Structures are given as C-alpha cells and as structure tokens.
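> what shape does this take:
(one chain, ligands or ions: 2)
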Amino acid sequence: MQRGKLIVIVAPSGTGKSTLISKLMHEVKELEWSVSCTTRPIRRGEVNGVDYHFLGEEEFLERKDNNEFIEWAKVHSNYYGTLKKFVDQGLEEGKNLLFDLDVQGCDQMKKIYGDEANVIFIEPPSYEELCRRLKLRGTDSEEVIQERLSNAKSELSRKDDFDYLVTNDDIEKAVGALKKVVGEILRK
Ligand code: ADP
Ligand code: 5GP
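Ligands and ions are numbered 1, 2, ... in the order given. Prediction:
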C-alpha cells in the first residue's frame with residue numbers, strides 16, 4: 001500500500017485557519033484530520049474529541065512523559081501535542097493526514113519527516129486585519145488576544161520558510177488556492 005501524505009497547516013492565530021480547514025475537509029474527502037491534544041479551555045462551539053482532545057495539564061504532562069506525542073509545544077501559555085500512534089498508523093495505512101500546528105510543531109515535523117512533511121503557511125492580508133479578526137471572533141479575552149498578536153509577529157517572520165504560502169484575504173479564493181496546493185501534494 002502507498003504511504004499516506006502528511007500535510008501541515010500553519011498560521012498566526014486569527015488568520016482564519018480553522019475556518020479554511022473546515023471548508024477544505026468538507027470539500028476534499030481524501031483528508032483525515034489529526035485531532036491534537038491541548039490543555040487550553042474548550043471554546044463555545046467546540047466538541048471534545050472532534051476539535052481537540054481537551055486534557056488537564058497533569059494528564060497532558062503524563063502522556064508527554066509516556067512519549068505519546070510525536071511533537072508537542074507550549075503555545076500561548078497552553079500545551080498542544082500530536083498523537084504519535086495516530087500519525088504512524090495513519091501513514092502506514094495510506095491515510096492522507098492533515099495537521100494544524102504552530103511553527104514549533106512544523107519545525108519538529110520537518111525534523112522528523114523531512115521532505116515527507118508538506119507545510120502550508122497561511123498569512124492574513126495584513127496585521128491590522130488579523131487584529132480585527134481576533135477581536136471579531138469574540139472567543140478570547142483581551143489579554144489572550146494581546147498574547148496571540150504579539151506571537152503573530154514572530155510567526156509571520158517565518159512565512160517564507162515553508163513549502164507553500166497562501167493568503168487568506170477573500171475566503172473563497174483562499175479555499176481555492178488551498179485546494180490547488182493540497183491537490184498537488186496528493187498527486188505527488
Ligand atoms: P484561526 O483558526 O486561524 O485562529 P479562525 O478560523 O477562528 O482563525 O478565524 C478567525 C475569525 O476570522 C473568525 O471570526 C472567522 O470567521 C474570520 N475569518 C476567517 N477567514 C476570513 C476571511 N477571509 N475574511 C474575513 N474574516 C475571516
Ligand atoms: P488554538 O488555541 O487557536 O486552537 O490554537 C493555538 C495554536 O496552537 C495554533 O497556532 C495551532 O496551530 C497550534 N496547535 C494546535 N494543535 C497543535 C499541536 O498538536 N501541536 C502544536 N505544536 N501546535 C498546535
């Protein structure tokens with residue numbers, strides 16, 4: 001059986017990554033979503049086991065010490081990690097896996113999987129628009145928004161370091177561009 005493809009999406013918080021990923025998953029049926037573990041509080045509308053596996057910090061750290069994560073990182077003061085078993089099994093079974101990781105996670109995946117990890121960076125049309133979207137989403141406190149905006153600056157400085165770059169200005173155009181890139185990766 002042909003090994004599955006590994007596709008990682010990275011973008012500063014508020015860019016519209018979750019919105020794009022949900023549209024992409026709906027339209028491209030060959031993709032399998034990697035559900036990460038996190039210690040961040042669940043947001044309105046999120047479902048445990050679907051959006052994330054929401055864990056307490058003690059359980060997360062225990063599972064990290066048990067080597068259950070292929071990569072993990074502390075992002076915006078919370079822990080996030082990708083389940084090793086899901087990735088190794090999925091790729092062997094020929095599944096095309098889609099990940100939503102921060103830049104530290106992307107660097108880790110590149111270190112482990114090299115060229116097999118296809119990383120797509122999604123950038124907002126401007127920093128001002130990123131601020132507007134984070135505020136408009138209305139899911140985070142002012143303090144959390146400020147932390148995410150301050151991290152966005154260093155994340156944006158990495159935008160040219162990965163395999164593909166897509167701008168999320170008009171949502172439908174961005175979905176189209178993302179579908180094209182994913183199609184290219186799946187046919188490789
Ligand atoms: P992320 O997952 O990158 O943190 P979200 O998908 O939650 O971001 O999007 C942040 C906010 O921006 C949401 O309110 C979403 O509806 C909005 N949004 C996403 N894409 C666009 C776009 N192209 N134009 C305008 N608003 C957008
Ligand atoms: P959010 O809290 O907005 O869902 O995600 C915050 C950040 O954590 C985003 O940049 C997202 O890509 C990143 N993230 C989500 N899951 C993982 C993961 O498993 N590993 C790493 N390294 N980052 C993750």
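> what about the residue in the chain that ligand 1 sits nearest to, how many residues close to it?
With Cβ to the nearest ligand atom as the measure, Gly16 is the residue of the chain nearest to ligand 1, at 2.7 Å. Just so you know, the C-beta spots here come from the backbone N, C-alpha and C atoms, and that holds for glycine as well. Counted with other Cβ atoms under 10 Å, residues neighbouring Gly16 total 20.
> for the chain, which residues are neighbours of ligand 1?
Applying Cβ under 6 Å from any ligand atom, one finds that the chain approaches ligand 1 through 11, 13-19, 133, 136-137, 168, 171, 174.
> show the buried residues in those residues.
Among the residues of the chain next to ligand 1, those classed as buried by 16 or more other Cβ atoms under 10 Å are 11, 13-18, 133, 168, 174.
> lowest pLDDT pick from the residues you listed?
In terms of pLDDT, the weakest of those is Ser18, which scores 92.
> measure that one to Met1 for me?
Using Cβ to Cβ, to the nearest Å, Ser18 is found at 31 Å from Met1.
> which residues does the longest helix anywhere in the chain contact?
If you go by DSSP state H, the chain has its longest helix at helix 171-187. Here helix 171-187 makes contact (Cβ atoms under 8 Å, 6 or more residues apart in numbering) with 5, 7, 16, 19-20, 23-24, 27-28, 30-31, 96, 118, 120, 122, 164, 166-168.
> are any of the residues you listed buried, and which?
By neighbour count, with 16+ other Cβ under 10 Å, the contacts of helix 171-187 hold 5, 7, 16, 20, 23-24, 28, 31, 96, 118, 120, 122, 164, 166-168 as buried.
> the residue nearest the centre of the chain: what's it in contact with?
Nearest residue to the geometric centre of the chain (Cα atoms, centre = their mean): Asp100, 1.2 Å. Contact analysis of Asp100 by Cβ under 8 Å, 6+ apart lists 8-10, 17-18, 21, 34, 36.
> mind listing which of those residues are in helices?
Reading helices off the contacts of Asp100 with DSSP H, I get 17-18, 21.
> got TSV for those residues, with distance to ligand 2 too?
Output for the ones in helices among the contacts of Asp100, formatted as TSV (distance: Cβ to the nearest ligand atom, whole Å):
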residue	distance to ligand 2
Lys17	7
Ser18	7
Ile21	10
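> residue in the chain with the shortest distance to ligand 2?
Counting by Cβ to the nearest ligand atom, the chain gets nearest ligand 2 through Gly105, at 2.6 Å.
> nearest spatial neighbour of that residue, skipping sequence neighbours?
Spatial nearest neighbour of Gly105, excluding adjacent residues (Cβ to Cβ, 6 or more residues apart in numbering): Glu71 at 5.1 Å.
> so what's the residue count around that neighbour?
Neighbour tally, Glu71, other Cβ under 10 Å: 21.
> ok, now the one 4 residues further on?
Residues within reach of Val75, counting by other Cβ under 10 Å, total 20.
> tell me the pLDDT at it?
Reading off the model, Val75 has pLDDT 93.
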